[in-house]
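Chemist: curious how this folds, go ahead:
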Amino acid sequence: RLLGELTRRPVRYIDLPPSEFHSHLLSTAHMPPWLASHVVEIQQLATARPESPNDTIETILGRPARTLHTFLREHLHTFTKTA
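Modeler: Alright, predicted model coming up:
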């Protein structure tokens, strides 16, 4: 939603079952099978066991983490490039 608002372009999220997601990564993203399997595994893990907010980034960087909104604003040009 936030990326769509910032780019003023529609962004559609499609929740694919793991097998379809894997097929999509192979056929559309042209990932090697081992990488597609790993991405699907990470996605399933993130869904099954979401992480709680913590201070890891602040501890490592010595400053507060940026919000997603701030990151997207700072890199908006990357999301609005046209081919």
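
Chemist: can you tell me the closest non-neighbouring residue to Leu25?
Modeler: Of all residues not flanking Leu25 in the chain, Ala36 sits nearest, at 3.9 Å (Cβ to Cβ, 6 or more residues apart in numbering). Every residue, glycine included, has its C-beta placed from N, CA and C.

Chemist: count of neighbours near Val40?
Modeler: Look at Val40: counted by other Cβ atoms under 10 Å, it has 20 neighbours.

Chemist: can you tell me the element it falls in?
Modeler: Secondary structure from DSSP states H and E places Val40 in helix 33-48.

Chemist: what helices and strands are in contact with that helix?
Modeler: Applying 3 or more Cβ pairs under 8 Å, 6 or more residues apart in numbering; DSSP states H and E, we find helix 33-48 packed against helix 18-27.

Chemist: quick one, the helix it packs on and helix 33-48 angle?
Modeler: Using axes from the mean of the first three to the mean of the last three Cα atoms, to 10 degrees, the inter-axis angle of helix 18-27 relative to helix 33-48 is 140 degrees.
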